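here's my sequence, what's the structure:
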Amino acid sequence: FAPFHTAMGFDNVGLLVGGKHCPVTSVMVSMDITPEVISEAVSQKAELIISHHPVIFQPFSRLTPADSVWQLASNGIAAICSHTPLDQAPAGINGRQHAVLAPVLELEQHSEILAESRPGLGFGWMDVSKRTWQAPELAAVLRQVLGCTVVRYSPANRPIQKIAFCSGSAASELELTAEKGCDALITGDVKHDRWYAARNLGIALFDCGHYHTEKIAAEILSQCIQTAFPEATVFCDPFTDPACYAMGGQL
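Predicted coordinates for the structure are as follows:
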């Protein structure tokens, strides 16, 4: 449902650690592969970890026992990573987030692809709300629905009805969002200059965080694998937001 051949050119997906003939009876699913995730996989006797983010993304100049790839190999655990194929799949991250947000944001549920990568496939979606939103109230709803600790946003001097969403880090698509007539873009990992760009374009921009816009990946992968292989043991790593936040003078 998220074939590896749909990956973007910069990506690194598929079987990244281990051999394709290694037997698997127990699978851990996670957003990232960290030493803590590997330790949990070892304790659960998992032979495979399937993650959203690639455990190998950039070329290595060295490899030490502290690295996740070393720990995977030394414990005989394979790793499959999905990344951009899962982002783009109709039933993937963005598609699932549309299903989650549609009733809450009162969307018409006639979504279009925001950034098309090939015919019928791409990143994010656009949809129109049946009601008119103001930026502060939309930010409050997003914080609750996505489980964010904070939502950073840049308000627009216009009501919000046509909404774009793209998981992860998609503020680079602001200009495209404006070109397609959207009033707002919901994403994560917004860099400093993008806030000014949003202001100049007159678009409301919401930063819900990379983690909170993509944590649903583990749930999607877990359900997919369990359905395809009902005889396998599949469990999600109980991962949490890697960042901490200071609010109101307290952690």
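
after the helix or strand where Ser39 lies comes which helix or strand?
According to DSSP states H and E, Ser39 maps onto helix 35-43. Next along the chain after helix 35-43, taking DSSP H and E as the criterion, comes strand 48-51.

that following strand - what's its average pLDDT?
Averaged across strand 48-51, pLDDT comes to 98.

only alpha carbons, please: show that strand as PDB.
The C-alpha trace of strand 48-51 is given here as PDB (Å, rounded to 0.1, in the frame of the first residue of the first chain):
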ATOM      1  CA  LEU A  48      12.500  -6.900  12.700                       C
ATOM      2  CA  ILE A  49      11.800  -3.200  13.300                       C
ATOM      3  CA  ILE A  50       9.700  -1.400  10.800                       C
ATOM      4  CA  SER A  51      10.000   2.400  11.100                       C
END
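
strands paired with that strand, and their directions?
As defined by DSSP bridges, the strand partners of strand 48-51 come to strand 26-30 (parallel), strand 78-81 (parallel).

who wins for proximity to Ile160 among the ones you listed?
Among the strands paired with strand 48-51, the nearest to Ile160 by Cβ to Cβ is strand 26-30 (33.8 Å). Every C-beta, even on glycine, is put in place using the N, C-alpha and C of the backbone.

the protein: helices as residue ranges?
35-43, 68-74, 84-88, 93-104, 135-146, 174-179, 192-201, 210-214, 216-228 (DSSP state H).

export these to TSV and tack on mean neighbour count and distance to Ala2?
Output for the helices of the chain, formatted as TSV (neighbours: other Cβ atoms under 10 Å; distance: least, Cβ to Cβ, whole Å):
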stretch	mean neighbour count	distance to Ala2
helix 35-43	17	20
helix 68-74	18	22
helix 84-88	25	4
helix 93-104	18	9
helix 135-146	17	21
helix 174-179	18	23
helix 192-201	15	27
helix 210-214	22	14
helix 216-228	18	8
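
kindly calculate the angle that the helix holding Ser39 makes with strand 26-30.
If you take axes from the mean of the first three to the mean of the last three Cα atoms, to 10 degrees, helix 35-43 sits at 160 degrees to strand 26-30.

for the record, mean pLDDT for helix 35-43?
Per-residue pLDDT over helix 35-43 has a mean of 95.

which other helices and strands contact that helix?
The helices and strands touching helix 35-43, judged by 3 or more Cβ pairs under 8 Å, 6 or more residues apart in numbering; DSSP states H and E, are strand 26-30, strand 48-51, helix 68-74.

output the helices of the chain as JSON lines; include the columns distance to Phe123.
Below are the helices of the chain laid out as JSON lines (distance: least, Cβ to Cβ, whole Å):
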{"stretch": "helix 35-43", "distance to Phe123": "26"}
{"stretch": "helix 68-74", "distance to Phe123": "26"}
{"stretch": "helix 84-88", "distance to Phe123": "6"}
{"stretch": "helix 93-104", "distance to Phe123": "7"}
{"stretch": "helix 135-146", "distance to Phe123": "18"}
{"stretch": "helix 174-179", "distance to Phe123": "10"}
{"stretch": "helix 192-201", "distance to Phe123": "16"}
{"stretch": "helix 210-214", "distance to Phe123": "12"}
{"stretch": "helix 216-228", "distance to Phe123": "14"}
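
and the residue nearest the centre of this structure?
Per Cα atoms, centre = their mean, the C-alpha nearest to the average position across the chain is that of Glu214, at 2.5 Å.

ok, now which ones touch that residue?
Counting by Cβ atoms under 8 Å, 6 or more residues apart in numbering, Glu214 makes contact with Met31, His52, Ile93, Ser167, Gly168, Gly188.

what about the closest residue to it other than its chain neighbours, how many neighbours?
Once flanking residues are discounted, Glu214 sits nearest to Ser167: 4.9 Å by Cβ to Cβ, 6 or more residues apart in numbering. Ser167 is flanked by 26 other residues according to other Cβ atoms under 10 Å.
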